[in-house]
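**Student:** After the sequence you'll find the predicted model.
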Amino acid sequence: MSGQASPLFNLEPKSLILTTMKKAEDDDSVLVRFYEAEGSEAQPKICLFQPIKQAWKTNLIEDVEQPLQVHPDESIQLAFKPLEIVTLKLAM
């Protein structure tokens with residue numbers, strides 16, 4: 001299975017694999033975790049079922065590490081290293 005697209009979540013390019021999508025325990029944000037599966041750099045564009053208002057990159061235990069820019073189309077985009085695992089916290 002490669003890439004993910006559904007009414008709830010759109011993740012491009014197809015080399016990115018969604019492994020987790022859940023509500024955060026401490027607020028109403030959504031946590032998503034995915035990884036790059038083909039060993040190449042990627043610049044994913046991420047859209048959710050609702051407009052993204054704020055976004056943060058977190059570590060594997062979901063502690064916020066850095067804020068991310070939300071684009072005018074209410075998506076986010078970031079640089080991905082080959083085989084990298086990324087967890088994001090997204091506020092709608």
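**Tutor:** Yep, it's here. Values in this document were obtained by computation on a predicted structure and should not be read as measured data.

**Student:** Low-confidence bits of the protein, can you list those?
**Tutor:** Low-confidence segments of the chain, defined by pLDDT under 70, are located at 1-8.

**Student:** can you pull out the helices in it?
**Tutor:** With DSSP state H as the definition, the chain shows no helices.

**Student:** Go ahead and confirm residue 24 touches residue 30.
**Tutor:** Yes - between residue 24 and residue 30 a contact is recorded at 6.9 Å, counting by C-beta atoms under 8 Å. C-beta coordinates here come from the backbone N, C-alpha and C atoms, glycine included.

**Student:** Give me the common contacts of these two.
**Tutor:** Between them, residue 24 and residue 30 share the neighbouring residues residue 89, with contact defined by C-beta atoms under 8 Å, 6 or more residues apart in numbering.

**Student:** Please say which of those two ends up with more neighbours.
**Tutor:** Remark: of residue 24 and residue 30, residue 30 carries more neighbours, 21 against 14, as counted by other C-beta atoms under 10 Å.

**Student:** Nearest spatial neighbour of residue 13, chain-adjacent residues omitted?
**Tutor:** residue 42 (5.6 Å; C-beta to C-beta, 6 or more residues apart in numbering).

**Student:** hmm, I was thinking of residue 39
**Tutor:** Closest residue in space to residue 39, ignoring its immediate chain neighbours: residue 82 at 4.6 Å, by C-beta to C-beta, 6+ apart.

**Student:** May I have the residues that are in contact with the one you found?
**Tutor:** 36, 38-41.

**Student:** Just the buried residues of those residues.
**Tutor:** Neighbour counting over these (16 or more other C-beta atoms under 10 Å) leaves residue 36 as the buried ones.

**Student:** Sort out which of the contacts of residue 82 are in strands and list them.
**Tutor:** For those, the ones inside strands are residue 36, with DSSP state E as the criterion.

**Student:** could I get the contacts of residue 82 as CSV with distance to residue 18?
**Tutor:** Converted to CSV, the contacts of residue 82 look like this (distance: C-beta to C-beta, whole Å):
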residue, distance to residue 18
36, 12
38, 15
39, 18
40, 18
41, 19
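
**Student:** Which one of the contacts of residue 82 is nearest to residue 90?
**Tutor:** Of all the contacts of residue 82, residue 36 has the smallest distance to residue 90: 18.6 Å, by C-beta to C-beta.
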